[in-house]
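Enquirer: below are the sequence and a predicted model for it; my questions follow.
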Amino acid sequence: MLFDIRTIIGALLGLYGVVLVVTSLLQDSAAQEVKTGGVDVNLWAGLGMAGVAVVFVGWALLRPVQVPEVPEQTLEDFTH
């Protein structure tokens, strides 16, 4: 499960989401509010990314990848 692409995408989106939320909480300037029309874009984008990350990780946990079993091959299978 560690190398499942859903886990990797979820972890990256979660990390970026947390960075954006922390940035939003620490750097709230009037100049940024003027640019965005009073909307805290970093906060909303960070929360959106964190939400999508939860969906990806939940999907990977609830529906894990199942590797099909390969039947054991004997030496006779290769000699013909």
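Expert: Perfect, I can see it now.

Enquirer: distance of residue 48 relative to residue 11?
Expert: Note on residue 48: its distance to residue 11, by C-beta to C-beta, to the nearest Å, is 16 Å. Where C-beta positions appear, they are placed from N, C-alpha and C, glycine not excepted.

Enquirer: any low-confidence regions in the protein?
Expert: Counting by pLDDT under 70, the chain has low-confidence residues at 1-2, 70-80.

Enquirer: tell me which residue is most central in it.
Expert: In the chain, the C-alpha closest to the average C-alpha coordinate belongs to residue 10, at a distance of 1.2 Å (C-alpha atoms, centre = their mean).

Enquirer: assign a three-state SS to that residue, would you?
Expert: Classification of residue 10 by DSSP: H, G, I helix; E, B strand; the rest coil places it in helix.

Enquirer: for it, which residues are in contact?
Expert: Under the criterion of C-beta atoms under 8 Å, 6 or more residues apart in numbering, the contact partners of residue 10 comprise 52, 53, 54, 55, 56, 57, 60.

Enquirer: save the residues you listed as a markdown table, and put in secondary structure and distance to residue 41 too.
Expert: Formatted as a markdown table, those follow (DSSP: H, G, I helix; E, B strand; the rest coil; distance: C-beta to C-beta, whole Å):
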| residue | secondary structure | distance to residue 41 |
| --- | --- | --- |
| 52 | helix | 16 |
| 53 | helix | 18 |
| 54 | helix | 20 |
| 55 | helix | 21 |
| 56 | helix | 22 |
| 57 | helix | 24 |
| 60 | helix | 28 |
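
Enquirer: residue 15: which of those residues is nearest?
Expert: When the contacts of residue 10 are compared for distance to residue 15 (C-beta to C-beta), residue 53 comes out closest, at 8.2 Å.
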